[in-house]
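Participant: What would the 3D arrangement of this be:
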Amino acid sequence: MEPTIDQLKAFFDFCVRASNLLRDIAIVRYDQRTNRIVILIGESIQVEILSNGENIIG
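Facilitator: Predicted structure coming up:
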């Protein structure tokens, strides 16, 4: 399984916004079990991008 177009668009948008705030993107992973892109920004901000492009920030 691969990321959807909506996920990739949301991923790009989120990475640009994070870098504009001068935040380091520490880890990016595609979780095949849940079909989500997971991003760790800095040491504490975790973002999950669902297959429809929706972001969950935790």
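
Participant: And for the nearest residue to residue 32 once chain neighbours are set aside, the neighbour number?
Facilitator: Nearest residue to residue 32, sequence neighbours excluded (CB to CB, 6 or more residues apart in numbering): residue 1, at 5.7 Å. To be clear about C-beta, it is placed using only N, CA and C from the backbone, and glycine gets the same treatment. Residues contacting residue 1 under the criterion other CB atoms under 10 Å number 8.

Participant: Same question for the one 5 residues further on.
Facilitator: Around residue 6 sit 14 other residues, with neighbours defined as other CB under 10 Å.

Participant: give the contact list for the residue nearest the centre of the chain.
Facilitator: By CA atoms, centre = their mean, the chain has its centre lying nearest to residue 39, at 4.3 Å. Shown in contact with residue 39 (CB atoms under 8 Å, 6 or more residues apart in numbering): 11, 14-15, 18, 25, 27-28, 46-49.

Participant: same deal with residue 6?
Facilitator: Contacts for residue 6 (CB under 8 Å, 6+ apart) come out as 51-53.

Participant: can you pick the most crowded of the residues you listed?
Facilitator: Neighbour-wise, the contacts of residue 6 (other CB under 10 Å) top out at residue 53, 17 neighbours.

Participant: for it, phi and psi?
Facilitator: Main-chain torsions, residue 53, degrees, to the nearest 10: phi 90, psi 0.

Participant: Now do the strands in the chain.
Facilitator: Per DSSP state E, the chain carries strands over the ranges 25-31, 36-41, 45-49, 55-57.

Participant: who does the third one pair up with?
Facilitator: Taking DSSP bridges as the criterion, strand 45-49 forms sheet pairs with strand 36-41 (antiparallel), strand 55-57 (antiparallel).

Participant: Kindly report the same for the longest one.
Facilitator: Strand pairing for strand 25-31, using DSSP bridges, gives strand 36-41 (antiparallel).

Participant: send the alpha carbons of the partner strand over as CSV?
Facilitator: The C-alpha coordinates for strand 36-41 follow below in CSV (Å, rounded to 0.1, in the frame of the first residue of the first chain):
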residue,chain,number,x,y,z
ARG,A,36,-1.2,6.9,7.9
ILE,A,37,1.8,9.1,7.5
VAL,A,38,3.3,9.9,10.9
ILE,A,39,5.5,13.0,11.4
LEU,A,40,7.5,13.8,14.5
ILE,A,41,8.4,17.5,14.7
